[in-house]
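Undergrad: With the sequence up front, the predicted model follows.
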Amino acid sequence: MQKWEIEANKQDKQWKAEYLRKKKPKRKKVKKKSNKHTQKLANKYSNNLKDKLTPHELIVKEVLEEMNVKFEFQKPFIIKNKIYISDFYFPDIRTTLEIDGFHHLHEPQKSKDKLKYKRLKSKGIDTVRFRNDEIDNDIHLFKCTIKHMLSTT
């Protein structure tokens, strides 16, 4: 190769590299859903659940109001970009209360409940569970349990 060919080849490569650099398709930035969006979604789910409360949730809600307990109903938590909604949340003692219907006794709901428990626990939030039949059969025991929970803080 002659000297001028080598020089032309170099310029060719430089020109080609510059051309390709300019022509590279721009990467599309994948937008993560913002926390604001996730929070709006969580609130929407929470409000939907508030509108469709179960008879047992209604009983518990009324009992807690009667006891003058500070609580949040259908409280959404966002942990690791996943929405978890607890039936009742007691902010003063960082504890959730779940009222479990029959479907909580079977898979896959059992696994979901276990994961929810672990995720809440990782944020320092305890969980107490009552089954519907426990609410039906012994509301006094439920009240005593709540009083005990609140007094041990």
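TA: Arrived safely, thanks for sending.
Undergrad: And the helix or strand where residue 129 lies, what's buried?
TA: Using DSSP states H and E, residue 129 sits within strand 126-131. Using 16 or more other CB atoms under 10 Å as the test for burial, strand 126-131 gives 127, 130-131. All C-beta atoms are positioned from the backbone trio N, CA, C, and that covers glycine.
Undergrad: Contacts only, for the residue nearest to residue 131 when sequence neighbours are not counted.
TA: Leaving aside its sequence neighbours, residue 131 sits nearest to residue 100 (CB to CB, 6 or more residues apart in numbering; 5.0 Å). The contact partners of residue 100, by CB atoms under 8 Å, 6 or more residues apart in numbering, come to 113, 129-132.
Undergrad: tell me the pLDDT at residue 23?
TA: Reported pLDDT at residue 23 in the predicted model: 54.
Undergrad: cool, the one 10 residues further on as well?
TA: As summarised for this prediction, residue 33 has a pLDDT of 53.
Undergrad: roughly how far apart are the nearest residue to residue 130 once chain neighbours are set aside and residue 127?
TA: In this structure, residue 130 finds its nearest non-sequential neighbour in residue 99, 5.7 Å apart by CB to CB, 6+ apart. Plainly put, residue 99 is 12 Å away from residue 127 if you go by CB to CB, to the nearest Å.
Undergrad: now swap in residue 82 and tell me
TA: 16 Å.
Undergrad: Check residue 75 too.
TA: 12 Å.
Undergrad: shared neighbours of the two, anything?
TA: Common contacts of residue 75 and residue 127 (CB under 8 Å, 6+ apart): 86, 96.
Undergrad: Does residue 48 belong to a helix, a strand or coil?
TA: With DSSP: H, G, I helix; E, B strand; the rest coil as the basis, the three-state label of residue 48 is helix.
Undergrad: any idea how far residue 37 is from it?
TA: Distance, residue 48 to residue 37, using CB to CB: 17 Å.
Undergrad: What of residue 79?
TA: Distance from residue 79 to residue 37, by CB to CB: 16 Å.
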